[in-house]
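Fold the following for me, if possible:
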Amino acid sequence: MPNSRKSPPPNAAIETVDTGYLESLMGYNARRASLAIVEMFMQRMAPYDLRIVDFSVLSLIAHNPGVTSRQLCATLGVLPPNLVAIVGALEKRELIERRLHPRDRRAAGLYLSEAGQALVQQAEQTASALEEDATARLTATERKTLMRLLQKIYR
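As a prediction, this is how the structure comes out:
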């Protein structure tokens, strides 16, 4: 099938960039939205010295005390060697602690320390506020719908 688009004359200057095709792709739109939120997230989490994955791990531990590293890897899609480094860094900052798992003596459950609990509480409040700011052009119903639709893609 011949290309139906007209070719610009050689050495023509482009005044505006045509993003029409890219904007018709789900991945392009999801990535652009993600980049906007991630940039805001990184700025607002800088005072807590948290990256996205650090925040995710701490939040999961906060809401699932005793969660194992294996469970975190499966939930977040993180490779075990990467999680070992993340958990080690959070433990070094004294935000989390390991305790023997009550049913599996080979595993350790992860728990927030007092400092970790205080940090997660503040960081989660910051994350909730930034989500509101990042989606300010959406109504509450649109936010819920968008969240439900995005989850349908990856669940």
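
quick one, strands of the chain?
Under the criterion DSSP state E, strands of the chain are mapped to 67-68, 96-100, 108-112.

could you dump those to TSV with distance to residue 35, mean neighbour count and mean pLDDT?
Every residue, glycine included, has its C-beta placed from N, CA and C. Converted to TSV, the strands of the chain look like this (distance: least, CB to CB, whole Å; neighbours: other CB atoms under 10 Å; pLDDT from 0 to 100):
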stretch	distance to residue 35	mean neighbour count	mean pLDDT
strand 67-68	29	18	96
strand 96-100	29	15	94
strand 108-112	30	20	95
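
can you list those in JSON lines and add distance to residue 148?
Shown next, in JSON lines, are the strands of the chain (distance: least, CB to CB, whole Å):
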{"stretch": "strand 67-68", "distance to residue 148": "25"}
{"stretch": "strand 96-100", "distance to residue 148": "31"}
{"stretch": "strand 108-112", "distance to residue 148": "29"}
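
Of those strands, which is nearest residue 30?
For residue 30, the closest of these is strand 67-68, at 27.5 Å, according to CB to CB.

Would you tell me which of the strands of the chain gets closest to residue 23?
That would be, of the strands of the chain and by CB to CB, strand 67-68, which comes in at 39.0 Å.
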